[in-house]
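Chemist: Following is a predicted model, sequence given first.
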Amino acid sequence: DTGVSQNPRHKITKRGQNVTFRCDPISEHNRLYWYRQTLGQGPEFLTYFQNEAQLEKSRLLSDRFSAERPKGSFSTLEIQRTEQGDSAMYLCASSFTDSGNEKLFFGSGTQLSVL
Amino acid sequence: QQQVKQSPQSLIVQKGGISIINCAYENTAFDYFPWYQQFPGKGPALLIAIRPDVSEKKEGRFTISFNKSAKQFSLHIMDSQPGDSATYFCAAGQGTYKYIFGTGTRLKVLA
C-alpha cells in the first residue's frame, strides 16, 4: 500500500491522559499536514511540515498539542492532558506540487474518543 | 472572509440522476478549488479540482462549474450511481497547503 498510513485507527482514552498518533506519508512527498475533523464538519488545518521543519501551526493547536517529523519521514502528533473537546478524527495528509498547487492525499485518520 | 459555504447539507438522488452540490467563497485571493469525496471511516480523497481561469472542468461523470464573478463553484455528478453515496467536501486554497473546507454534503444515491 503506497498511500498515507495512520496508526492507530481508533483511540479511546480517559480525560487527562496523553495520546500519540503516528503518520507515515507517501514516500516521495516532502510535505506533511495534520488536520482535525469533527462530526459533520470539514477538515480543519492544524499544522504543516516541509521535510522536518514545522512551518506553520494553527491557533487550533493549543500548547497541549505537539507535532514532530524527525528526519522528514514519519510524523507524530501528541496531545497532552486530553480533554473531551479533543474528541475528533485526526487526519494526516501528504502532498506534491502540481503546477503551483498542492494536491493533498489523506490517510484514513485516527478517531480519538476522550471519555 | 475565509469561509467556504457549502450546500445542501444532504442530498438524495435516484440512480441515473444528476447530483449538484454548490459552494461559495469570499476571499478573491483563492486560486485553487478542489473537491474531495469521503466514505465512512476513510479520509477524504481528491476527486477533481479547478483553477479560476477556466469556467468548467470535466473528468468522467464529474464536472466542476466555476463562476468567478459570483464567487461560486459547483460539482455535478452525472448518471449518479449508488457507489457515489458518500460525503463530498469543496475546498478553496491560495496556491498553498492551507485549504479551507466546506462543511460537507452527504449524498445518497438510491438504487
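Modeler: That came through, no problem.
Chemist: Direction included, what does the one helix or strand residue A:111 maps to pair up with?
Modeler: Secondary structure assignment for residue A:111, by DSSP states H and E: strand A:110-114. Applying DSSP bridges to the sheet, strand A:110-114 is found paired with strand A:10-13 (parallel), strand A:88-98 (antiparallel).
Chemist: Need those strands in TSV (columns: mean neighbour count and mean pLDDT).
Modeler: Every residue, glycine included, has its C-beta placed from N, CA and C. As requested, the strands paired with strand A:110-114 are exported to TSV (neighbours: other CB atoms under 10 Å in any protein chain shown; pLDDT from 0 to 100):
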stretch	mean neighbour count	mean pLDDT
strand A:10-13	14	97
strand A:88-98	21	91
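Chemist: of all these, which lies closest to residue A:40?
Modeler: Closest approach to residue A:40 among these is made by strand A:88-98 (11.4 Å; CB to CB).
Chemist: After the closest one, heading C-terminal, what element do we hit next?
Modeler: Helices and strands here follow DSSP H and E; after strand A:88-98, the next one along the chain is strand A:101-106.
Chemist: Please enumerate residues in contact with that next one?
Modeler: A:3-4, A:26, A:29, A:31, A:33, A:35, A:43, A:91-97, B:31-32, B:34, B:36, B:43-46, B:49, B:51, B:93, B:95-97, B:99 (CB atoms under 8 Å, 6 or more residues apart in numbering or on different chains).
Chemist: is stretch A:59-72 anywhere near chain B?
Modeler: No: contact of stretch A:59-72 with chain B is not found when judged by CB under 8 Å from any CB of the partner chain; the minimum separation is 11.8 Å.
Chemist: Now that stretch: buried residues?
Modeler: Buried residues in stretch A:59-72, defined by neighbour count with 16 or more other CB atoms under 10 Å in any protein chain shown: A:61, A:65, A:67, A:69.
Chemist: Need the strands paired with strand A:110-114 in JSON lines (columns: distance to residue B:17).
Modeler: Formatted as JSON lines, the strands paired with strand A:110-114 follow (distance: least, CB to CB, whole Å):
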{"stretch": "strand A:10-13", "distance to residue B:17": "35"}
{"stretch": "strand A:88-98", "distance to residue B:17": "30"}
